[in-house]
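>>> Model the following, please.
(one chain, ligands or ions: 1)
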Amino acid sequence: MCGHRGKIAKRALVALLVAGQAAAQSPDLAATGKAVFLDLCSGCHGERGQGVNAPEIAAVPRKLVAKAVRGVDQMPEIEVTEAEIDAITAFLATLAAP
Ligand code: HEC
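Below you'll find the predicted structure:
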């Protein structure tokens, strides 16, 4: 129960951060995207998008991120806002492809 509440609070905080960043078009968008990515995506895709039990997704285009979060084959649907997709894409763009 407590863990669940904590997660909701964390999500609200991330959403707030993302909304603020998107509105300001801040160069820190990638930093916000990193927080969202580490929270929601890194478990499968790795901390640097390098792929753990999911494909490597460093520097993928926004279109692919938007498509993936609706669920593709082995990847479950993940609830993110358009602003969060922007932020995640900005973060992934900072990761050098190997
Ligand atoms: C539960 C594990 C899991 C999580 C969490 C997860 N993914 Fe995935 N993701 C996968 C798997 C598995 C695939 C490969 C899907 C397939 O083609 O079978 C994938 C594929 C993708 C692709 C490539 C799709 C393509 O068509 O090549 C992108 C981009 C992606 N994920 C982004 C994300 C983002 C962004 C998040 C966080 C919001 C995320 N994933 C969270 C497991 C996960």
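
>>> Can you give me the pLDDT of the residue minimising distance to the centre of the chain?
For the chain, the residue sitting closest to the mean C-alpha position, by CA atoms, centre = their mean, is Phe37 at 3.3 Å. In this model, Phe37 is scored at 97, pLDDT.

>>> and it, what is it in contact with?
Residues near Phe37 by CB atoms under 8 Å, 6 or more residues apart in numbering: His45, Gly49, Ile88, Phe91, Leu92. Every residue, glycine included, has its C-beta placed from N, CA and C.

>>> So which of those residues reach the ligand?
His45, Ile88 (CB under 6 Å from any ligand atom).

>>> Now do the helices in the protein.
2-24, 29-40, 42-45, 62-68, 82-93 (DSSP state H).

>>> So which of these has the densest surroundings on average?
Comparing the helices of the chain on average neighbours per residue, with mean count of other CB atoms under 10 Å, the densest one is helix 82-93 at a mean of 22.
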